[in-house]
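Got a predicted structure plus its sequence, pasted below:
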Amino acid sequence: MSDLIIIGGGGHAKVIADIATANGYKILGFLDDNPNISKLLCHSHLGGINDAVKFADKAKFVIAIGNNNVRKTISEKFNLKFATLVHPTAAIGSEVEIGEGSVVMANAVINACAKIGSHCIVNTCAVIEHDGIIDDFTHISPNATLCGTVKIGNNCHIGAGATVINNKSICDNCIIGAGAVVTENIETPGTYIGIPMRKIK
């Protein structure tokens with residue numbers, strides 16, 4: 001059994017704590033800058049995020065914070081060992097690669113030859129079809145569907161229930177709204193909503 005410390009104390013962290021336990025980790029506690037959060041489920045508050053350096057040689061870490069930019073900042077600030085967590089009910093195909101610090105949640109599907117970058121979130125019931133590529137610090141929300149051979153850039157957020165049809169790519173720093181349908185390549189950063197998607201200011 002390996003030791004783990006969770007960075008973050010919100011609702012997302014609760015889900016990750018459950019996944020970590022299901023993966024056999026012993027959770028030593030959590031770090032959060034909000035002193036009013038004294039417990040994460042049954043786990044103790046060990047201090048603020050900057051206290052991670054005190055535990056760097058004692059445990060692995062996972063950044064349980066939904067904001068892509070915050071995960072990136074924390075991962076680059078500290079020299080830590082990060083765990084990769086996959087819920088036991090997730091379906092992971094052949095030759096799938098999942099980067100360090102990434103989390104795959106319950107009933108997600110990642111099919112053959114897909115590649116997931118570092119510190120990504122593949123949320124509950126999300127589907128990433130064969131040969132998909134998800135770059136670092138990207139969040140695929142619950143029930144989102146990425147069809148075959150889709151490429152998603154760094155620091156993107158694919159909203160709940162959104163669909164990206166096969167063979168399309170989305171550049172870095174994009175937000176795809178909940179329920180949107182991406183039918184064309186997206187080459188300009190921004191926020192896109194609707195069916196089919198359109199860019200909003």
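On my side now, so go ahead.

Excluding chain neighbours, give the residue nearest to His48 in space.
If you look again at residue 48, you'll see it is Gly, not His. Spatial nearest neighbour of Gly48, excluding adjacent residues (Cβ to Cβ, 6 or more residues apart in numbering): Asp33 at 4.7 Å. C-beta: built from backbone N, CA, C; applies to glycine.

Ala17 versus that neighbour, what's the distance?
Distance from Asp33 to Ala17, counting by Cβ to Cβ, to the nearest Å: 18 Å.

repeat for Val127
Distance from Val127 to Ala17, by Cβ to Cβ: 24 Å.

wait, Ser2 sits on Ile27?
No: applying Cβ atoms under 8 Å, one finds Ser2 not in contact with Ile27, separated by 10.3 Å.

Please say which of those two ends up with more neighbours.
Higher neighbour count among Ser2 and Ile27: Ile27, with 20 against 12, using other Cβ atoms under 10 Å.

Tell me who's in contact with that one.
By Cβ atoms under 8 Å, 6 or more residues apart in numbering, the contact set of Ile27 is Asp3, Leu4, Ile5, Ile6, Ala17, Ala20, Thr21, His43.

Make sure the fifth one is indeed in a helix.
Yes: secondary structure of Ala17, determined by DSSP: H, G, I helix; E, B strand; the rest coil: located in a helix.

Grab the most central residue of the chain for me.
Ile121 (1.3 Å; Cα atoms, centre = their mean).

from what I can see that residue touches Pro142, true?
No: under the criterion of Cβ under 8 Å, Ile121 makes no contact with Pro142, lying 10.1 Å away.

shared neighbours of these two, anything?
Contacts common to Ile121 and Pro142, judged by Cβ under 8 Å, 6+ apart, are Met105.
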